[in-house]
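Undergrad: Quick one: sequence and predicted model below, then my questions.
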2 protein chains.
Amino acid sequence: MSINTKSLDSIKSLAANDLNSMDEVIKERLFTKTDLIKAIANHIITSGGKRLRPILVILSCKLFNYQGQRHINLAAVVEFIHTATLLHDDVVDHSYLRRGYPTANKNWDNKSSILVGDFLFSQAFMLIAEDGDLNILEILSKASAIIAEGEVKQLSSISNLHITLQEYLEIITAKTAQLFAASCQTGAIIADVNQEIALSMHEFGLNLGIAFQIIDDILDYQADQMVIGKNIGDDFKEGKVTLPIILAYDASNQEEKEFWVRTINKLDQQNGDFSHALEIINKYNIMEECLAMANHFASKAKDNIAIVSESDIKNLLIDILNFSVDRNL
Amino acid sequence: MSINTKSLDSIKSLAANDLNSMDEVIKERLFTKTDLIKAIANHIITSGGKRLRPILVILSCKLFNYQGQRHINLAAVVEFIHTATLLHDDVVDHSYLRRGYPTANKNWDNKSSILVGDFLFSQAFMLIAEDGDLNILEILSKASAIIAEGEVKQLSSISNLHITLQEYLEIITAKTAQLFAASCQTGAIIADVNQEIALSMHEFGLNLGIAFQIIDDILDYQADQMVIGKNIGDDFKEGKVTLPIILAYDASNQEEKEFWVRTINKLDQQNGDFSHALEIINKYNIMEECLAMANHFASKAKDNIAIVSESDIKNLLIDILNFSVDRNL
């Protein structure tokens, strides 16, 4: 992994003007509305998410010397879709800490999270209508449908220790990587690239997104929550079967398999179980295996943009890739 | 009110071919997906909703002699948007009986309702993308945003006895009438009518939707749940301040006002409170007042389509209007 990886903050500062313009669009769309929407909008903006998806829209059009302004509204679109998904996820996951701040459903409640999510989602499609490109509408509506279906699949696979690696990859591709892919493709399309390059950018985003989500799933088993602003052990508590569990279960002996069945499949958990889970994971070097897989997808992503000429912007995209597999590990 | 109002069933039978084609589209879009989506899709189709919104799309294009097929997919779009809203509403309202069947969140759970709602919503926008008309996209994305905002406003006004008649009308216009309006406008637009007629059809749908929702709110205070397939008293239990409460509170004496404050504002309810609420409502002839208001909007709707030439289809639309204010009262 790159040691000279620029931190995401420095990448963000390079796209700062466009991100600020996007924030203005977000404010404008949300701040004239009812108090509850204003409050949640404010929460979204000030809680300072990574803004990875809008950054990908911005860099993916700049990569091809796009000079227009469409990327500002379209960056807001992907941030709206992402935030709507987060709001609904928070209800589904009963997750009360995200980005180090209490999640919306703790501060307000589940009802508001559902309805404001719907509002953001609709606003995204209003912005797409104003942008007026049916190609973009197709890409983003399809991505949204795949995300929702991925979330349903993930929900159906809770506590299922027999989920295959393939099924896991399908789920994270759907629920996370599709929006990364659509963001990159959207940026490329407004810069008027040919079909081949647009699809390469889609693939770049897809592989980046898979690598990103694998790392996210790893972090739930090792990062310090003060650093990443997320509770660790949430996936374990909920019986969410992610890569570390799939590989650990596979490597486990009979007694350890029974431990996973009790804690994950039957959700019968006691104090100390999470620590024991970490012990098994360490015993079989599962983290290294997960990391290798994340790096595999990061490497595929690098291949995907090999056809793009070298440039500062291309280097920034590679920095994001490196950051995604390198954060807090 | 018309005594010769055709029942909705006979109206439905006249649009039966198109509704069956729409059901095929719905099945095709949902039945190949994960089991949970299949199950909920099946539930939606077999639970036999009124299908009012798709019927409005179908009749509104036939009204202008539309000969194409776009209305089939667009009818599915409004049904998807409506069903997504219902699924999310059921979670928000904790309502366990809708259309006489257990709601999705009882059979499955809140999580599935949220995610499948999102999936249906995305599918709606995929179908709009395939239809390829930015004008339709604008109308339906805007309607969706207004619906979500109306739901947020309604949520914010729970237990608020000081909500004005104007605010109530704004909420039901947003959460119900907008999709009726968008359905009628969509039908008219694909039939290539001029701007003036398209807007008249929008207004027709809007006033029809307001009348429809006023009656829906009345029914919660009087219908037999075996007849309309809905629990009565739900709005009362949740402290939802609808037209009967607004008018009853306004008419109430001091003691009765205190009753409303305790039951609706403080949500401190005991056995017999709902019966007492009905007594107050009857004492001041509130139902007649509500009905008069529904008829006022129905009459505006009739004016809105006065510019359209007489035809069998126009009569069907008027039948729907009559049905909407006349059902089970």
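TA: Thanks, I have the structure now. Since the structure is predicted, the reported quantities are computational estimates derived from the model, not experimental observations.

Undergrad: Output the set of residues of the stretch 151-300 of chain A in proximity to chain B.
TA: Near chain B, the residues belonging to the stretch 151-300 of chain A are A:151-153, A:155-156 when assessed by C-beta under 8 Å from any C-beta of the partner chain. (Glycine included, C-beta is placed from N, CA and C.)

Undergrad: In CSV, list those residues along with pLDDT.
TA: Formatted as CSV, those follow (pLDDT from 0 to 100):
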residue, pLDDT
A:151, 89
A:152, 86
A:153, 89
A:155, 86
A:156, 85
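
Undergrad: Now rank these by neighbours and give me the top one.
TA: Highest neighbour count within those: residue A:152, with 27 neighbours (other C-beta atoms under 10 Å in any protein chain shown).

Undergrad: any chance of the residues of the stretch 151-300 of chain A next to chain B in JSON lines, plus secondary structure?
TA: What follows is these, written out as JSON lines (DSSP: H, G, I helix; E, B strand; the rest coil):
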{"residue": "A:151", "secondary structure": "helix"}
{"residue": "A:152", "secondary structure": "helix"}
{"residue": "A:153", "secondary structure": "helix"}
{"residue": "A:155", "secondary structure": "helix"}
{"residue": "A:156", "secondary structure": "helix"}
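
Undergrad: Please enumerate the strands of the stretch 101-250 of chain A.
TA: A:101-102 (DSSP state E, counting those that start in this stretch).

Undergrad: Farthest pair within the residues of the stretch 151-300 of chain A next to chain B?
TA: The largest distance within these, taken as C-beta to C-beta, falls between A:151 and A:156 and amounts to 9.8 Å.

Undergrad: what about chain A, any weak spots by pLDDT?
TA: Across chain A, the ranges flagged by pLDDT under 70 are A:1-8, A:12, A:14, A:32-33, A:41, A:45, A:48, A:92-108, A:223-231, A:328-329.

Undergrad: Nearest the geometric middle of chain A, what residue?
TA: residue A:176 (4.7 Å; C-alpha atoms, centre = their mean).

Undergrad: which residue packs closest to that residue, ignoring adjacent ones?
TA: Take residue A:176 and drop its neighbours on the chain: the residue closest to it by C-beta to C-beta, 6 or more residues apart in numbering or on different chains is residue A:213, 4.1 Å away.

Undergrad: residues in contact with the one you found?
TA: In this structure, residue A:213 makes contact with A:172, A:175-177, judged by C-beta atoms under 8 Å, 6 or more residues apart in numbering or on different chains.

Undergrad: wait, which of these is closest to residue B:111?
TA: When the contacts of residue A:213 are ranked by distance to residue B:111 (C-beta to C-beta), residue A:175 comes first, at 13.6 Å.

Undergrad: Tell me if I'm right that that closest one and residue A:144 touch.
TA: No - with the criterion set as C-beta atoms under 8 Å, residue A:175 and residue A:144 do not qualify as a contacting pair; they are 11.3 Å apart.

Undergrad: For these two, indicate the residue with more neighbours.
TA: The neighbour count for residue A:175 versus residue A:144, taken as other C-beta under 10 Å, is higher for residue A:144 (26 against 22).

Undergrad: Could you give the number of residues near the nearest residue to that one once chain neighbours are set aside?
TA: The shortest distance from residue A:144 to any residue that is not its chain neighbour, by C-beta to C-beta, 6+ apart, is 3.8 Å, and that residue is residue B:122. The number of residues packed around residue B:122, counting by other C-beta under 10 Å, is 25.

Undergrad: was I right about residue B:122 contacting residue A:138?
TA: No - contact criterion C-beta under 8 Å: residue B:122 and residue A:138 do not qualify, at 11.7 Å.

Undergrad: contacting residues for residue A:262?
TA: Contacts of residue A:262 were listed using C-beta under 8 Å, 6+ apart, and they are A:268-269.

Undergrad: Now do it against chain B, distance only.
TA: Noted for residue A:262: a distance of 23 Å to chain B, by C-beta to the nearest C-beta, to the nearest Å.

Undergrad: got it, and residue A:212?
TA: Residue A:212 is 21 Å from chain B, where distance means C-beta to the nearest C-beta.

Undergrad: Tell me the secondary structure at the closest residue to that residue other than its chain neighbours.
TA: In this structure, residue A:212 finds its nearest non-sequential neighbour in residue A:324, 4.4 Å apart by C-beta to C-beta, 6+ apart. Three-state secondary structure (criterion: three-state DSSP) places residue A:324 in helix.

Undergrad: burial measure for residue A:324, as a count.
TA: Residue A:324 sits with 26 neighbouring residues when counted by other C-beta under 10 Å.

Undergrad: That one contacts residue A:208, correct?
TA: Yes - with contact taken as C-beta under 8 Å, residue A:324 and residue A:208 are classed as touching, separated by 6.3 Å.
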